[in-house]
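# Got a sequence here, can you build the structure:
(one chain, ligands or ions: 3)
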Amino acid sequence: MSPPLVIKNGTVVNEDGMFKADVLVKNGIIVEVSPKIIALPEMEIIDATDRLVIPGGIDPHTHMQMPYAGEVTKDDFLRGTQAAVAGGTTMIIDFCCPDHRNGESLMAGYARWRSWADPKVCCDYGLSVAITQWRPETADQMAVITSPEFGVNSFKFYMAYEGTLMVRDDEMYRAMQECAKLRALARVHAENGSVIKEREIDLLAKGVTGPEGHTQSRPEEIEAEATNRACVLAAQANCPVYIVHVMTKGAAAAISHHRAQGSIVFGEPIAAGLALDGSHYYNEDWLHAARYVMSPPLSRDPTTPELLMKLLAAGELHLTGTDNCTYDGCQKSLGKGNFTKIPNGINGVEDRMSVVWEKGVHSGIIDPMRYVSITSATAAKIFNIYPKKGRIAVGSDADIVIFNPNATRTISAETHHHNLDFNIFEGIKCHGVAEITISRGRIVWANGQLQTVPGSGKFVPLLANSPFVFSSHEIREKKKEPRIVERLE
Ligand SMILES: NC(=O)NCCC(=O)O
Ligand SMILES: [Zn+2]
Ligand SMILES: [Zn+2]
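Residues are numbered from 1 along each chain as shown. Ligands and ions are numbered 1, 2, ... in the order given. Here you go, the predicted structure:
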């Protein structure tokens, strides 16, 4: 057990306020937040003068150690969580992808992910479970895995990756009905996979084999159409829905439209989409272009990143993730001669906190409180762990970052902590640096050095029926009950 820790002279920032205060941590929990705490000899002292004291970041969207198409992502749960804490993120929600199509139960897939993650994680983590096919046993398994014993409160549906992960509309609708019943959130990768497949065949036949084919196979309206469809199906099922990696203006507009109709929809842009655009796919260096291949692709419109940040400021989009899913140059090269074989995925978990500060706060679009909201507090609320996580308050877990808004760092693969030979943010200079990261009261990153212990992170059960998501559910359900007209025969 670490010694008690007192953080002095900093400015505490929560989503709803910021104020000067000292913070006392004992046994991994925040036990006091007050104007002046006297440090005792047995306490470790952190001087946070001119620094912000913020909740550790929660990245709700990662794929550590993910097996896909014979390859496994390079960041496993050790390197991935080390990269996370080096950048000020103290919890990830990773996607567990059971091989459900081949009969693997959701629980068996979950057990596999837990066995990979538990011995390696250096910060806390939770799981979201992907359903890749609707099977006779799926509903029962969803009920089991959303029990407190398993601690899963969201399911993921892919509307892309035809033949492997993609579900049909009827399957997703059926599963969304079940999600609503279980008070679990439906999370959707929204792209029209069937049209993409056709376009890929067409482009290859026309000789477009390089990474530029990836973006041309997925015009922006492909994402917007699927986002709209996901929202429509969710509304029919009376199921709250969370759109992962919102990359385009059209997808964001579809989310706004459905929220204005009264639907419960959350939108998650990612660090890559807030900082980069799709011009990289046309880079003459094949490997450079391939490194940015992810789905949906980075927007072709260079004004999209700033607009997505403005929508986060306006509350039209809600939280930020990364989709950290790292394949190295060797793995990307498997797609030489056929862009459809380039493994999809990019990095982000280490750089999200700095990138969002740079593009959001440093550029004057959002304030530090909104920053906390979109980097931790809203994720904690959606996934039902607030205020244990996502807040600096008495009783909260001591997942804390000492953040220096005036320091700068230039992102580079030379200095990052990913198990990756490049970084998509290479060369971007960011204001806002996580100088010290504390996970459950333990310093895991300080002075530019990791102090992590594999397996010291904990699995955090995510319980169903998050009030932030489901409070109005019953009333909404009543309003949707079918009407019967009694008639005299
Ligand atoms: N996004 C991506 O390209 N790869 C990771 C898997 C997914 O989330 O679609
Ligand atoms: Zn996805
Ligand atoms: Zn993803």
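# which stretches of the stretch 301-450 of the chain form strands?
Residue ranges of the strands in the stretch 301-450 of the chain, as given by DSSP state E, counting those that start in this stretch, are 400-410, 429-439, 442-446, 449-450.
# Now find how far off-centre the third one is within its chain.
The one in question is strand 442-446. 22 Å (C-alpha atoms, centre = their mean, to the nearest Å).
# Can you name every helix or strand that it contacts?
Here strand 442-446 is seen to pack against helix 77-86, strand 429-439 when contacts are counted using 3 or more C-beta pairs under 8 Å, 6 or more residues apart in numbering; DSSP states H and E. All C-beta spots, glycine's among them, are computed from the backbone N, C-alpha and C.
# Now it: average pLDDT?
Strand 442-446 shows a mean pLDDT of 98.
# quick one: it to strand 400-410, angle?
Here the directions of strand 442-446 and strand 400-410 differ by 10 degrees (axes from the mean of the first three to the mean of the last three C-alpha atoms, to 10 degrees).
# For N324, which of the helices and strands packed on strand 442-446 is the nearest?
Among the helices and strands packed on strand 442-446, the nearest to N324 by C-beta to C-beta is helix 77-86 (6.5 Å).
# Give me the spatial nearest neighbour of V433, chain neighbours excluded.
A407 (4.0 Å; C-beta to C-beta, 6 or more residues apart in numbering).
# measure that neighbour to I438 for me?
Between A407 and I438 the distance is 18 Å, computed by C-beta to C-beta, to the nearest Å.
# okay, the two: which has more neighbours?
More crowded of A407 and I438, by other C-beta atoms under 10 Å: I438, with 27 against 15.
# Beta-bridge partners for that one, please?
I400, I443 (DSSP bridges).
# Test my guess that it contacts F403.
No - using C-beta atoms under 8 Å, I438 is not in contact with F403, being 11.6 Å away.
# So R114 is in contact with F459, correct?
Yes - assessed by C-beta under 8 Å, R114 is found in contact with F459 at 6.6 Å.
# Need the residues touching each of these two.
L127 (C-beta atoms under 8 Å, 6 or more residues apart in numbering).
# Around ligand 1, pick out the residues from the stretch 151-300 of the chain.
H189, M294, S295 (C-beta under 6 Å from any ligand atom).
# Looking at those, state which has the most neighbours.
Most surrounded of those: other C-beta under 10 Å gives H189, at 25 neighbours.
# How about that residue, nearest residue that isn't a chain neighbour?
With C-beta to C-beta, 6+ apart as the criterion, H189 has its nearest non-adjacent residue at 4.6 Å, and that residue is Y158.
# Which pLDDT value belongs to the one you found?
What the model reports as pLDDT for Y158 is 98.
# Is it bridged to anything, and to what?
Y158 forms beta bridges with M166, H189, as assigned by DSSP bridges.
# State the distance from the closest residue to ligand 1 within the stretch 1-150 of the chain to N344.
Nearest residue of the stretch 1-150 of the chain to ligand 1: H63, at 5.3 Å (C-beta to the nearest ligand atom). Separation of H63 from N344 (C-beta to C-beta): 10 Å.
# related to what we said a few turns ago, tally of neighbours for the residue of the stretch 1-150 of the chain closest to ligand 1?
Using other C-beta under 10 Å, H63 has 22 other residues around it.
# How about S363?
If you count neighbours by other C-beta under 10 Å, S363 ends up with 12.
# Residue of the stretch 351-489 of the chain closest to ligand 1, please.
For the stretch 351-489 of the chain and ligand 1, the shortest gap (C-beta to the nearest ligand atom) falls at I424, measuring 11.7 Å.
# In contact with H418, which residues?
Contacts of H418 (C-beta under 8 Å, 6+ apart): K74, D75, R79, G80, A83, T326, N347, V349, E350.
# Top of these by number of neighbours, please.
For those, neighbours were counted using other C-beta under 10 Å, and G80 has the most, 34 neighbours in all.
# per-residue confidence for the residue lying closest to that one once chain neighbours are set aside?
Nearest residue to G80, sequence neighbours excluded (C-beta to C-beta, 6+ apart): M64, at 3.9 Å. pLDDT for M64: 98.
# Next, M64: phi, psi?
With angles defined as degrees, to the nearest 10, M64 sits at phi -80, psi 140.
# Number of residues surrounding G315?
13.
# for M18, same thing?
Neighbourhood size, M18 [other C-beta under 10 Å]: 18.
# gap between it and V355?
Computed as C-beta to C-beta, the M18 to V355 distance reads 21 Å.
# Residues in a beta bridge with M91, which ones?
Beta bridges link M91 to I58, D124 when assigned by DSSP bridges.
# Contact partners for it?
Residues in contact with M91 (C-beta under 8 Å, 6+ apart) are G56, G57, I58, D59, C123, D124, Y125, G126, K389, D399, V460.
# Tabulate the residues you listed in JSON lines, adding columns for pLDDT, neighbour count and distance to I30.
Converted to JSON lines, the contacts of M91 look like this (pLDDT from 0 to 100; neighbours: other C-beta atoms under 10 Å; distance: C-beta to C-beta, whole Å):
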{"residue": "G56", "pLDDT": "98", "neighbour count": "29", "distance to I30": "12"}
{"residue": "G57", "pLDDT": "99", "neighbour count": "32", "distance to I30": "17"}
{"residue": "I58", "pLDDT": "99", "neighbour count": "31", "distance to I30": "16"}
{"residue": "D59", "pLDDT": "99", "neighbour count": "33", "distance to I30": "21"}
{"residue": "C123", "pLDDT": "98", "neighbour count": "29", "distance to I30": "16"}
{"residue": "D124", "pLDDT": "98", "neighbour count": "24", "distance to I30": "15"}
{"residue": "Y125", "pLDDT": "98", "neighbour count": "27", "distance to I30": "20"}
{"residue": "G126", "pLDDT": "98", "neighbour count": "24", "distance to I30": "20"}
{"residue": "K389", "pLDDT": "98", "neighbour count": "24", "distance to I30": "11"}
{"residue": "D399", "pLDDT": "98", "neighbour count": "31", "distance to I30": "9"}
{"residue": "V460", "pLDDT": "98", "neighbour count": "20", "distance to I30": "16"}
